[in-house]
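Engineer: Kindly return the folded structure for what I paste below:
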Amino acid sequence: MFINKFPKTNFTLPNGQSIETINILKTVTLSAAAKNSTSIRTTVYDNIKKIENLAFDVYGNTSLYWLVLYLNDIDSFSKLPTSQYNFETDFLEKNNGKVYYIKDAKSVQDVRTGDLVITFSGDGTNSEEWIRSGVVKEWDSNFRRIILKTEYKNSENTDSNPTNPDLFFYRRNEDGTFVEIPNVDHEGNKFKVGRIEDEKNKITKLYDGTINELEMSPFNIIGETSSTTEYDFSTTAPASTTALFKLSNNDLPSFVTSKTFLGEAISDNYRTKTISSVPSKIAGNYMSYVSSLSVASVSRGTPIDNSRGTV
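Structural biologist: Sure thing, here's the model as predicted:
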(Lines give C-alpha, C1' and ligand atoms only; values in the text may rest on other atoms or scores of the structure.)
Protein backbone atom coordinates (compact mmCIF):
# COMPACT_ATOMS: atom_id res chain seq x y z
CA MET A 1 0.00 0.00 0.00
CA PHE A 2 1.01 3.61 -0.62
CA ILE A 3 1.17 4.58 3.04
CA ASN A 4 3.42 1.61 3.85
CA LYS A 5 6.17 3.35 1.85
CA PHE A 6 6.57 5.90 4.60
CA PRO A 7 9.27 5.36 7.24
CA LYS A 8 8.13 4.13 10.65
CA THR A 9 8.67 5.69 14.05
CA ASN A 10 7.82 4.79 17.63
CA PHE A 11 5.09 6.77 19.36
CA THR A 12 4.68 6.70 23.13
CA LEU A 13 1.11 6.75 24.43
CA PRO A 14 0.16 8.61 27.64
CA ASN A 15 0.11 5.27 29.51
CA GLY A 16 3.73 4.66 28.52
CA GLN A 17 3.01 2.05 25.87
CA SER A 18 5.16 2.39 22.75
CA ILE A 19 3.66 1.60 19.36
CA GLU A 20 5.08 1.63 15.86
CA THR A 21 3.35 4.04 13.51
CA ILE A 22 3.90 5.92 10.27
CA ASN A 23 6.27 8.88 10.52
CA ILE A 24 4.00 11.62 9.15
CA LEU A 25 6.97 14.02 9.03
CA LYS A 26 8.39 11.99 6.16
CA THR A 27 5.95 11.98 3.28
CA VAL A 28 5.72 12.73 -0.41
CA THR A 29 3.85 15.55 -2.12
CA LEU A 30 2.87 16.50 -5.65
CA SER A 31 4.90 19.27 -7.23
CA ALA A 32 3.22 22.46 -8.41
CA ALA A 33 3.90 21.40 -11.98
CA ALA A 34 2.03 18.16 -11.38
CA LYS A 35 -1.00 19.94 -9.92
CA ASN A 36 -1.08 22.42 -12.80
CA SER A 37 -0.50 19.94 -15.59
CA THR A 38 -2.57 20.32 -18.75
CA SER A 39 -3.68 16.73 -18.21
CA ILE A 40 -5.71 17.76 -15.13
CA ARG A 41 -9.46 17.49 -15.54
CA THR A 42 -12.20 18.44 -13.09
CA THR A 43 -15.54 16.90 -12.11
CA VAL A 44 -18.15 18.21 -9.65
CA TYR A 45 -19.31 15.70 -7.02
CA ASP A 46 -22.33 16.39 -4.84
CA ASN A 47 -21.70 14.17 -1.84
CA ILE A 48 -18.92 11.72 -0.95
CA LYS A 49 -18.77 9.90 2.38
CA LYS A 50 -15.53 7.94 1.89
CA ILE A 51 -12.39 8.92 0.00
CA GLU A 52 -12.07 5.32 -1.25
CA ASN A 53 -15.46 5.67 -2.96
CA LEU A 54 -14.26 8.83 -4.67
CA ALA A 55 -11.05 7.14 -5.79
CA PHE A 56 -13.01 4.20 -7.23
CA ASP A 57 -15.37 6.55 -9.08
CA VAL A 58 -12.48 8.57 -10.53
CA TYR A 59 -9.95 5.82 -11.26
CA GLY A 60 -11.79 2.56 -10.75
CA ASN A 61 -9.18 1.73 -8.10
CA THR A 62 -9.58 2.41 -4.37
CA SER A 63 -5.81 2.14 -3.81
CA LEU A 64 -5.39 5.45 -5.65
CA TYR A 65 -7.15 7.32 -2.83
CA TRP A 66 -3.86 9.03 -2.01
CA LEU A 67 -3.70 10.60 -5.48
CA VAL A 68 -7.16 12.11 -4.98
CA LEU A 69 -6.01 13.54 -1.64
CA TYR A 70 -2.78 14.98 -2.98
CA LEU A 71 -4.22 16.45 -6.18
CA ASN A 72 -6.99 18.22 -4.26
CA ASP A 73 -5.20 19.19 -1.03
CA ILE A 74 -7.68 17.18 1.03
CA ASP A 75 -6.31 16.86 4.56
CA SER A 76 -9.52 16.47 6.56
CA PHE A 77 -13.01 14.98 6.21
CA SER A 78 -14.41 18.52 6.07
CA LYS A 79 -12.81 18.95 2.65
CA LEU A 80 -14.65 16.03 1.06
CA PRO A 81 -17.48 16.95 -1.34
CA THR A 82 -20.68 17.63 0.61
CA SER A 83 -24.17 18.17 -0.75
CA GLN A 84 -25.39 21.75 -0.66
CA TYR A 85 -28.26 20.80 1.66
CA ASN A 86 -26.02 18.99 4.15
CA PHE A 87 -23.43 21.75 3.98
CA GLU A 88 -25.89 24.56 4.62
CA THR A 89 -27.64 22.62 7.39
CA ASP A 90 -24.34 22.04 9.19
CA PHE A 91 -23.20 25.62 8.56
CA LEU A 92 -26.38 27.16 9.98
CA GLU A 93 -26.26 24.93 13.06
CA LYS A 94 -22.75 26.17 13.83
CA ASN A 95 -23.33 29.81 12.94
CA ASN A 96 -26.78 30.79 14.20
CA GLY A 97 -25.68 33.71 16.36
CA LYS A 98 -26.16 37.44 16.10
CA VAL A 99 -23.73 40.23 15.23
CA TYR A 100 -23.68 43.60 16.98
CA TYR A 101 -21.59 46.32 15.37
CA ILE A 102 -20.38 49.01 17.74
CA LYS A 103 -22.02 52.26 16.65
CA ASP A 104 -19.57 54.68 15.00
CA ALA A 105 -17.04 51.81 14.73
CA LYS A 106 -15.60 52.47 18.17
CA SER A 107 -13.16 49.87 19.52
CA VAL A 108 -14.00 47.94 22.71
CA GLN A 109 -10.77 47.23 24.56
CA ASP A 110 -12.04 44.73 27.13
CA VAL A 111 -14.34 42.05 25.76
CA ARG A 112 -13.70 38.31 25.88
CA THR A 113 -15.23 35.10 24.66
CA GLY A 114 -17.78 34.04 27.29
CA ASP A 115 -18.67 37.56 28.40
CA LEU A 116 -22.37 38.40 28.66
CA VAL A 117 -23.76 41.45 26.86
CA ILE A 118 -27.20 42.91 27.59
CA THR A 119 -29.29 45.81 26.31
CA PHE A 120 -32.04 47.39 28.40
CA SER A 121 -35.08 49.53 27.72
CA GLY A 122 -34.10 51.60 30.75
CA ASP A 123 -30.81 52.69 32.30
CA GLY A 124 -29.76 49.17 33.28
CA THR A 125 -30.56 49.46 36.98
CA ASN A 126 -33.70 47.32 36.70
CA SER A 127 -32.82 43.77 35.65
CA GLU A 128 -36.39 43.13 34.48
CA GLU A 129 -35.98 45.79 31.79
CA TRP A 130 -33.50 43.78 29.74
CA ILE A 131 -34.42 43.48 26.07
CA ARG A 132 -31.71 41.42 24.39
CA SER A 133 -28.77 39.41 25.67
CA GLY A 134 -26.19 36.91 24.50
CA VAL A 135 -22.87 35.29 25.27
CA VAL A 136 -19.88 36.57 23.31
CA LYS A 137 -18.52 34.10 20.78
CA GLU A 138 -15.94 36.45 19.29
CA TRP A 139 -14.81 40.06 19.18
CA ASP A 140 -14.03 40.93 15.56
CA SER A 141 -11.59 43.83 15.70
CA ASN A 142 -11.41 44.12 11.91
CA PHE A 143 -15.07 45.13 11.74
CA ARG A 144 -15.37 46.24 15.38
CA ARG A 145 -18.33 44.01 16.11
CA ILE A 146 -19.39 41.48 18.70
CA ILE A 147 -20.50 38.05 17.53
CA LEU A 148 -22.91 36.34 19.91
CA LYS A 149 -23.33 32.57 20.11
CA THR A 150 -27.09 33.06 20.42
CA GLU A 151 -29.26 36.11 20.98
CA TYR A 152 -32.06 35.95 23.54
CA LYS A 153 -35.05 38.32 23.64
CA ASN A 154 -37.13 39.16 26.69
CA SER A 155 -40.71 38.51 25.61
CA GLU A 156 -42.01 39.85 28.93
CA ASN A 157 -40.58 43.31 28.36
CA THR A 158 -43.10 45.18 26.22
CA ASP A 159 -41.19 48.45 26.25
CA SER A 160 -40.09 49.78 22.87
CA ASN A 161 -36.59 48.77 21.80
CA PRO A 162 -34.22 51.78 21.62
CA THR A 163 -32.74 52.39 18.17
CA ASN A 164 -29.14 52.35 19.42
CA PRO A 165 -29.25 50.96 22.96
CA ASP A 166 -26.33 51.07 25.39
CA LEU A 167 -24.32 47.87 25.71
CA PHE A 168 -23.75 46.45 29.19
CA PHE A 169 -20.90 43.94 29.60
CA TYR A 170 -20.69 41.28 32.33
CA ARG A 171 -18.01 38.70 33.14
CA ARG A 172 -18.38 35.49 35.10
CA ASN A 173 -16.48 35.17 38.38
CA GLU A 174 -14.98 31.92 39.62
CA ASP A 175 -18.01 31.45 41.90
CA GLY A 176 -20.36 31.61 38.91
CA THR A 177 -21.70 35.11 39.56
CA PHE A 178 -21.42 37.91 37.00
CA VAL A 179 -19.86 41.32 37.54
CA GLU A 180 -20.30 44.29 35.21
CA ILE A 181 -17.28 45.34 33.17
CA PRO A 182 -17.21 49.16 33.00
CA ASN A 183 -16.62 49.39 29.24
CA VAL A 184 -16.86 52.97 28.04
CA ASP A 185 -15.58 54.81 24.98
CA HIS A 186 -12.85 57.46 24.87
CA GLU A 187 -15.38 60.09 25.93
CA GLY A 188 -16.54 58.08 28.95
CA ASN A 189 -19.86 57.01 27.42
CA LYS A 190 -21.21 53.49 27.13
CA PHE A 191 -20.78 51.79 23.78
CA LYS A 192 -23.95 51.62 21.71
CA VAL A 193 -25.28 48.96 19.36
CA GLY A 194 -25.12 49.94 15.71
CA ARG A 195 -25.87 47.65 12.79
CA ILE A 196 -27.24 44.18 13.64
CA GLU A 197 -26.82 41.11 11.40
CA ASP A 198 -27.50 37.41 11.59
CA GLU A 199 -24.16 35.65 11.97
CA LYS A 200 -24.71 33.67 8.77
CA ASN A 201 -25.12 36.94 6.85
CA LYS A 202 -22.32 38.92 8.46
CA ILE A 203 -20.29 40.94 5.97
CA THR A 204 -16.83 39.53 5.39
CA LYS A 205 -15.47 41.73 2.58
CA LEU A 206 -16.19 45.15 1.13
CA TYR A 207 -15.63 46.19 -2.49
CA ASP A 208 -15.63 49.37 -4.53
CA GLY A 209 -18.08 48.57 -7.32
CA THR A 210 -16.77 51.47 -9.41
CA ILE A 211 -13.23 50.02 -9.67
CA ASN A 212 -13.74 46.47 -10.96
CA GLU A 213 -14.93 45.30 -7.56
CA LEU A 214 -11.68 46.36 -5.86
CA GLU A 215 -11.56 44.98 -2.31
CA MET A 216 -11.59 47.71 0.31
CA SER A 217 -10.38 47.87 3.88
CA PRO A 218 -13.17 48.63 6.38
CA PHE A 219 -11.01 51.59 7.43
CA ASN A 220 -10.83 52.97 3.89
CA ILE A 221 -12.02 56.57 3.66
CA ILE A 222 -14.70 56.79 0.99
CA GLY A 223 -16.33 59.61 -0.94
CA GLU A 224 -19.90 59.91 -2.13
CA THR A 225 -19.27 58.01 -5.37
CA SER A 226 -16.03 56.04 -4.93
CA SER A 227 -13.30 55.03 -2.48
CA THR A 228 -10.06 56.92 -1.88
CA THR A 229 -6.50 55.84 -1.11
CA GLU A 230 -6.70 57.19 2.45
CA TYR A 231 -7.37 55.29 5.70
CA ASP A 232 -8.20 55.97 9.33
CA PHE A 233 -7.25 53.21 11.78
CA SER A 234 -7.99 55.22 14.91
CA THR A 235 -8.46 52.95 17.94
CA THR A 236 -11.04 55.30 19.45
CA ALA A 237 -13.38 56.05 16.56
CA PRO A 238 -12.44 56.41 12.89
CA ALA A 239 -13.58 59.32 10.77
CA SER A 240 -17.23 59.40 9.79
CA THR A 241 -16.10 59.06 6.17
CA THR A 242 -14.63 55.56 6.66
CA ALA A 243 -16.48 52.59 5.22
CA LEU A 244 -16.66 50.95 8.65
CA PHE A 245 -18.18 54.02 10.35
CA LYS A 246 -20.86 54.12 7.69
CA LEU A 247 -21.41 50.35 7.83
CA SER A 248 -21.87 50.43 11.61
CA ASN A 249 -24.60 53.02 11.10
CA ASN A 250 -26.27 51.26 8.14
CA ASP A 251 -25.22 54.12 5.90
CA LEU A 252 -23.00 52.57 3.23
CA PRO A 253 -23.32 54.24 -0.19
CA SER A 254 -24.67 52.11 -3.01
CA PHE A 255 -21.33 51.81 -4.83
CA VAL A 256 -19.94 49.71 -1.95
CA THR A 257 -20.71 46.02 -2.45
CA SER A 258 -19.98 43.14 -0.12
CA LYS A 259 -19.59 39.42 0.43
CA THR A 260 -21.20 37.56 3.29
CA PHE A 261 -20.09 34.71 5.54
CA LEU A 262 -22.62 32.30 4.06
CA GLY A 263 -21.97 33.42 0.50
CA GLU A 264 -18.23 32.81 0.81
CA ALA A 265 -18.82 29.47 2.53
CA ILE A 266 -21.09 28.32 -0.32
CA SER A 267 -18.42 29.30 -2.85
CA ASP A 268 -15.78 27.41 -0.86
CA ASN A 269 -18.03 24.37 -0.71
CA TYR A 270 -18.48 24.44 -4.48
CA ARG A 271 -14.71 24.51 -4.91
CA THR A 272 -14.46 21.56 -2.51
CA LYS A 273 -16.94 19.65 -4.66
CA THR A 274 -14.81 20.28 -7.76
CA ILE A 275 -12.39 17.36 -7.82
CA SER A 276 -9.24 17.34 -9.96
CA SER A 277 -8.00 14.11 -11.49
CA VAL A 278 -5.65 12.83 -14.18
CA PRO A 279 -6.23 10.22 -16.89
CA SER A 280 -6.02 6.62 -15.65
CA LYS A 281 -2.79 5.94 -17.55
CA ILE A 282 -1.05 8.87 -15.87
CA ALA A 283 -2.47 7.79 -12.51
CA GLY A 284 -0.94 4.37 -13.15
CA ASN A 285 2.42 6.01 -13.83
CA TYR A 286 2.21 7.82 -10.51
CA MET A 287 1.38 4.57 -8.74
CA SER A 288 4.28 2.74 -10.40
CA TYR A 289 6.69 5.47 -9.38
CA VAL A 290 5.53 5.55 -5.78
CA SER A 291 5.68 1.75 -5.63
CA SER A 292 9.29 1.90 -6.76
CA LEU A 293 10.32 4.21 -3.91
CA SER A 294 12.41 2.77 -1.12
CA VAL A 295 11.69 3.77 2.45
CA ALA A 296 15.11 5.38 2.69
CA SER A 297 14.37 7.66 -0.28
CA VAL A 298 11.31 9.23 1.36
CA SER A 299 11.90 12.42 3.32
CA ARG A 300 9.62 15.20 4.46
CA GLY A 301 7.84 16.66 1.43
CA THR A 302 9.56 14.48 -1.17
CA PRO A 303 8.06 15.87 -4.41
CA ILE A 304 6.61 13.66 -7.10
CA ASP A 305 7.67 15.51 -10.24
CA ASN A 306 5.23 16.15 -13.06
CA SER A 307 7.41 14.03 -15.36
CA ARG A 308 6.47 10.98 -13.30
CA GLY A 309 2.95 11.31 -14.65
CA THR A 310 3.87 11.92 -18.25
CA VAL A 311 2.78 9.22 -20.64
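
Engineer: switch to C-alpha atoms for all contacts and neighbour counts from now on
Structural biologist: Fine.

Engineer: Pairing partners for the top strand by length along the chain, with directions?
Structural biologist: Determined from DSSP state E, the single longest strand within the chain is strand 130-140. Taking DSSP bridges as the criterion, strand 130-140 forms sheet pairs with strand 116-120 (antiparallel), strand 145-153 (antiparallel).

Engineer: State the next helix or strand along the chain beyond the last one.
Structural biologist: This means strand 145-153. Using DSSP states H and E, the helix or strand that follows strand 145-153 towards the C-terminus is strand 168-172.

Engineer: for the very next helix or strand once past that following strand, packing partners?
Structural biologist: Toward the C-terminus, strand 168-172 is succeeded by strand 178-181 as the next helix or strand (DSSP H and E). Contact here means 3 or more C-alpha pairs under 8 Å, 6 or more residues apart in numbering; DSSP states H and E; on that basis strand 178-181 packs against strand 168-172.

Engineer: Can you spell out which helices and strands pack onto the strand it packs on?
Structural biologist: Under the contact definition 3+ C-alpha pairs under 8 Å, 6+ apart, strand 168-172 sits against strand 116-120, strand 178-181.

Engineer: ok so, going back, let's have the strands paired with strand 130-140 in CSV, adding distance to residue 168 and mean pLDDT.
Structural biologist: Shown next, in CSV, are the strands paired with strand 130-140 (distance: least, C-alpha to C-alpha, whole Å; pLDDT from 0 to 100):
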stretch, distance to residue 168, mean pLDDT
strand 116-120, 5, 97
strand 145-153, 12, 96
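
Engineer: would you list those in a markdown table and tack on distance to residue 260 and mean neighbour count?
Structural biologist: Compiled in a markdown table, those are given as follows (distance: least, C-alpha to C-alpha, whole Å; neighbours: other C-alpha atoms under 10 Å):
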| stretch | distance to residue 260 | mean neighbour count |
| --- | --- | --- |
| strand 116-120 | 24 | 22 |
| strand 145-153 | 14 | 21 |
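
Engineer: nearest to residue 162, of those?
Structural biologist: Proximity to residue 162 (C-alpha to C-alpha) singles out strand 116-120 among those, at 8.4 Å.

Engineer: how distant is that closest one from the center of its chain?
Structural biologist: Distance of strand 116-120 from its chain centroid, counting by C-alpha atoms, centre = their mean, to the nearest Å, is 26 Å.

Engineer: Repeat that for stretch 229-246.
Structural biologist: Here the centre of stretch 229-246 is set off from its chain's centre by 25 Å, with C-alpha atoms, centre = their mean.

Engineer: Now that stretch: buried residues?
Structural biologist: When burial is assessed from 16 or more other C-alpha atoms under 10 Å, stretch 229-246 yields the following buried residues: 231, 232, 237, 238, 239, 241, 242, 243, 244, 245, 246.

Engineer: now stretch 159-168
Structural biologist: 165, 166, 167, 168.

Engineer: try stretch 58-76
Structural biologist: Within stretch 58-76, the residues that count as buried by 16+ other C-alpha under 10 Å are 58, 59, 64, 65, 66, 67, 68, 69, 70, 71, 72.

Engineer: Looking at residue 167 now. What's its pLDDT?
Structural biologist: Reported pLDDT at residue 167 in the predicted model: 97.

Engineer: need the contact list for it.
Structural biologist: For residue 167, the contacting residues are 117, 118, 119, 190, 191, 192, 193, by C-alpha atoms under 8 Å, 6 or more residues apart in numbering.

Engineer: wouldn't residue 59 be in contact with residue 280 here?
Structural biologist: Yes - with contact defined as C-alpha atoms under 8 Å, residue 59 counts as touching residue 280 (5.9 Å).

Engineer: how is this protein carved up into domains?
Structural biologist: The record's domain split for the chain, according to automatic domain parsing, is 2-82+275-290, 98-254.

Engineer: ok now do the residue lying closest to residue 134 once chain neighbours are set aside, which residues does it touch?
Structural biologist: Leaving out its chain neighbours, the residue that sits closest to residue 134 by C-alpha to C-alpha, 6 or more residues apart in numbering is residue 151, at 4.7 Å. The contact partners of residue 151, by C-alpha under 8 Å, 6+ apart, come to 97, 98, 132, 133, 134, 135.
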